[in-house]
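Asks: sequence first, predicted model second:
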Amino acid sequence: MRGEQGMFEALTFRLFNLAGADAPRTHWVHLRVVTDIEETPANQYRGDFWGLYLAVEEIDGDFLKEHGLPDGNVYKIEGFQPHPQHHAKGTPAKDDDAREFLGALMRGGGRSRVPIAPGADSWWSDTVDLDRYYGYRSVVEAAHHYDIGGGKNYFFYHNLAAKRWQVVPWDVDLSWGDHMFGD
């Protein structure tokens, strides 16, 4: 699936944004390093064209501003563990809110399942920005972005103003295939 020059990522992140699930914006970068007089010699490895690259927006405090989101806490999730990327001004530089959220998310059904305990529906509506979550899940399914099953390749954003959590997608390069692993 290589050789798509960032099309999978650019398309998938764009779809997430269109579905209301804030995702990084992308832009292509064309890199040339001029070292010789001849721009495109017969040998493809000797020219000044060094490639086409995809620039992907970082997910941090600037991401929140760029997407019109209120200041909040942002965590990269790796192995179901939160790694702080940005804390809202005036909040402790800890990950207690993320650990509480992840703990509640995991209770009642194991790592890859949602809470099944009584009151789970109200927990979801009280805790998660459901409109953005449904947009996120629909693109996950459409693009086959299943490389999230190991508790990785996404961020959690805690919107402190709305008192809701949302998922921010990340690392979508292994998408658009019907053979992708994950759950």
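Replies: Okay, I see it. Residues are numbered from 1 along each chain as shown.

Asks: gap between residue 42 and residue 48?
Replies: 14 Å (Cβ to Cβ, to the nearest Å). Heads up, the C-betas are built off the backbone N, CA and C, glycines and all.

Asks: which stretches of this structure have low pLDDT?
Replies: 1-3, 108-120, 180-183 (pLDDT under 70).

Asks: quick one, helices of this structure?
Replies: Here the chain has its helices, by DSSP state H, at 7-18, 61-66, 96-106, 120-127, 130-143.

Asks: what comes up buried for the third one?
Replies: I take that to be helix 96-106. By 16 or more other Cβ atoms under 10 Å, the buried positions in helix 96-106 come out as 97-98, 101-102, 105-106.

Asks: export it as CSV, just CAs?
Replies: Output in CSV follows, covering the C-alpha atoms of helix 96-106 (Å, rounded to 0.1, in the frame of the first residue of the first chain):
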residue,chain,number,x,y,z
ASP,A,96,-5.7,12.3,36.4
ASP,A,97,-8.7,13.3,34.2
ALA,A,98,-7.6,11.1,31.4
ARG,A,99,-6.9,8.1,33.7
GLU,A,100,-10.3,8.5,35.3
PHE,A,101,-11.9,8.6,31.8
LEU,A,102,-9.9,5.6,30.6
GLY,A,103,-10.8,3.7,33.7
ALA,A,104,-14.5,4.3,33.3
LEU,A,105,-14.2,3.5,29.6
MET,A,106,-12.6,0.1,30.3
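
Asks: so which residues make contact with it?
Replies: 73, 75, 77, 80-82, 84, 114-115, 123, 127, 156, 158, 165 (Cβ atoms under 8 Å, 6 or more residues apart in numbering).

Asks: hmm, back to that, what's the closest of the buried residues of helix 96-106 to residue 31?
Replies: Ranked by distance to residue 31 (Cβ to Cβ), the buried residues of helix 96-106 are led by residue 98 at 36.8 Å.

Asks: which residues touch the residue lying closest to residue 12 once chain neighbours are set aside?
Replies: Spatial nearest neighbour of residue 12, chain neighbours left out: residue 172 (4.3 Å); criterion: Cβ to Cβ, 6 or more residues apart in numbering. By Cβ under 8 Å, 6+ apart, the residues touching residue 172 are 8-9, 12-13, 143, 145, 147, 153.

Asks: then residue 178?
Replies: Residue 178 sits next to residue 144 when contact means Cβ under 8 Å, 6+ apart.

Asks: is it possible to get a markdown table of the helices of the chain that adds distance to residue 31?
Replies: Converted to a markdown table, these look like this (distance: least, Cβ to Cβ, whole Å):
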| stretch | distance to residue 31 |
| --- | --- |
| helix 7-18 | 17 |
| helix 61-66 | 23 |
| helix 96-106 | 37 |
| helix 120-127 | 44 |
| helix 130-143 | 27 |
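
Asks: what's the separation between the nearest residue to residue 50 once chain neighbours are set aside and residue 154?
Replies: Ranked by Cβ to Cβ, 6+ apart and with sequence neighbours excluded, the top spatial neighbour of residue 50 is residue 31, at 4.5 Å. Distance, residue 31 to residue 154, by Cβ to Cβ: 29 Å.

Asks: thanks again, I'm all set now.
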